[in-house]
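> just a sequence and a predicted model for now, questions to come.
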Amino acid sequence: MLPSNVQTRSIWAAFFANIIFGFSFLFTKVSLALATPFVLLASRFFVAFLVLSLIMLLRRQPLSLKGKPWKLLLLLGLFHPVLYFIGETYGVLYTSSTFSAILIALIPIVSLWASALFLKESPTKLQSLFCGLSVLGVMIITVGSKGGQNRMLGVILLLFAVLADVSFNLLSRKISVSFTPLERTYVMFVMGFLVFFSLMLLESGGSLTPFLDAFANPLLRTSILYLGIASSVFAFFLLNYANTFLPVTRTIVFVNVTTLVTVVGGVIFLREALTLSSFLAATMIVLGVWGVQRFADRSAPSSLSSELEEEV
């Protein structure tokens, strides 16, 4: 069983990672009025790649793949950020905001089932109950959103994003015994930059002008720096760290904190209205996250945690 201080650090890591992700939606919302999704994603992961490369260089910590399941590491980068961001970005484009938010909110529930099936990390009954409460809170908080038509392509892409995110969390947990959080995060950014930069070039007909213009625009540059440094380097490192030491059943519920932070950020910075139903839904999300952590089965640590205990 892991020391309590390691579990506490991992919980806070997952919590802060999703707070950062929550504010990233506000920056993305502003940025997409100034740039296409592929330009924004290419710029974001270019910054993330440069920053993390510098960190690894200063720490003199080379990426070690010898004798390790590097194909699974590449698969991790494919799931997230590549497949997830393509599915989410264009899924939201072809569906209503309410529908997309509800579908993305299903990630914790699907993850609970998947972790029990593939990682043998079964949630307790109370954990399942509180997870459902948190997801219900997310669904309620989106009821007041503006509607719109839902195209089948958008539904498929959103389901694609859900499966990609669930697969990412399961795989990050599985390969944590072979790769450090820094190694996992770095490969994710390398793949994200290469793929989205290539897609941006295809979109622009081979021109670098949209990419360079993104950094020349002060407002867009601020968003890119936040998304590339805070929401990519820092947040994904925290998430991979949490997946190293905690079962997916305990880390994935923090996904709903992202929705909560986005709503609160919209009220504070975008002057959006906070209704009574939104307040009650926010309470349900917080209570649900608390319950999943409070009623975890700490008497039966997973084999992954046992293998990693010696490294703490």
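That came through fine. Only a predicted model underlies this, so the values are computations on that prediction, with no experimental measurement involved. Residues are numbered from 1 along each chain as shown.

> where do the helices sit along the stretch 1-150 of the chain?
In the stretch 1-150 of the chain, the segments counted as helices under DSSP state H, counting those that start in this stretch are 4-31, 37-58, 70-77, 84-93, 97-104, 107-114, 125-141.

> those helices into TSV, with extra columns for mean pLDDT and mean neighbour count?
Backbone N, C-alpha and C define where each C-beta goes, glycine included. Shown next, in TSV, are those (pLDDT from 0 to 100; neighbours: other Cβ atoms under 10 Å):
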stretch	mean pLDDT	mean neighbour count
helix 4-31	87	19
helix 37-58	94	21
helix 70-77	95	17
helix 84-93	83	20
helix 97-104	65	20
helix 107-114	82	20
helix 125-141	83	20
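
> among those, which is nearest Met284?
Closest of the helices of the stretch 1-150 of the chain to Met284 is helix 125-141, at 3.2 Å (criterion: Cβ to Cβ).

> which other residues reach that closest one?
Here helix 125-141 makes contact (Cβ atoms under 8 Å, 6 or more residues apart in numbering) with 101-102, 105-106, 108-109, 112, 123, 249-250, 253, 256, 259-260, 263, 277-278, 280-285, 287-292, 294-297.

> of those, select the buried ones using a ChimeraX command.
The command below creates a ChimeraX selection of those among the contacts of helix 125-141 that count as buried (16 or more other Cβ atoms under 10 Å):
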select :101,102,105,106,108,109,112,123,249,250,253,256,259,260,263,278,281,282,284,285,288,289,291,292,295,296,297
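
> okay, and which of the contacts of helix 125-141 map to helices?
Counting by DSSP state H, these place 101-102, 108-109, 112, 249-250, 256, 259-260, 263, 277-278, 280-285, 287-292, 294 in helices.

> can I get the helices of the stretch 1-150 of the chain in JSON lines including distance to Phe215?
Rendered in JSON lines, the data for the helices of the stretch 1-150 of the chain read as follows (distance: least, Cβ to Cβ, whole Å):
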{"stretch": "helix 4-31", "distance to Phe215": "12"}
{"stretch": "helix 37-58", "distance to Phe215": "7"}
{"stretch": "helix 70-77", "distance to Phe215": "24"}
{"stretch": "helix 84-93", "distance to Phe215": "20"}
{"stretch": "helix 97-104", "distance to Phe215": "29"}
{"stretch": "helix 107-114", "distance to Phe215": "32"}
{"stretch": "helix 125-141", "distance to Phe215": "34"}
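
> nearest to Leu171, out of these?
Nearest to Leu171, of the helices of the stretch 1-150 of the chain and by Cβ to Cβ, is helix 70-77 at 5.0 Å.

> that closest one packs against which elements?
Using 3 or more Cβ pairs under 8 Å, 6 or more residues apart in numbering; DSSP states H and E, the elements in contact with helix 70-77 are helix 152-174, helix 181-204.

> for the shortest one, the averaged confidence score.
Helix 152-174 shows an average pLDDT of 89 in the prediction.

> ok, residues contacting that helix?
By Cβ under 8 Å, 6+ apart, helix 152-174 touches 72, 75-76, 79-80, 83-88, 90-95, 99-100, 103-104, 106-107, 110-111, 114-115, 118-119, 184, 239-240, 243-244, 247-248, 251-252, 255, 304.

> how about a cut-off of 6 Å?
76, 79-80, 83-84, 87-88, 90-91, 94-95, 100, 103, 106-107, 110-111, 114, 118, 240, 243, 248, 252 (Cβ atoms under 6 Å, 6 or more residues apart in numbering).

> for the longest one, same thing?
In this structure, residues lying in contact with helix 181-204 by Cβ under 6 Å, 6+ apart are 38-39, 41-42, 45-46, 48-49, 52, 63, 73, 77, 81-82, 210, 236-237, 240-241, 244.

> what's downstream of that helix, the next helix or strand?
Sequence-wise, the next helix or strand downstream of helix 181-204 (DSSP states H and E) is helix 209-216.

> in that next one, what counts as buried?
Buried positions in helix 209-216, judged by neighbour count with 16+ other Cβ under 10 Å: Pro210, Phe211, Ala214.

> would you reformat those residues as TSV and include pLDDT and distance to Phe160?
Below are the buried residues of helix 209-216 laid out as TSV (pLDDT from 0 to 100; distance: Cβ to Cβ, whole Å):
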residue	pLDDT	distance to Phe160
Pro210	96	25
Phe211	96	26
Ala214	95	26
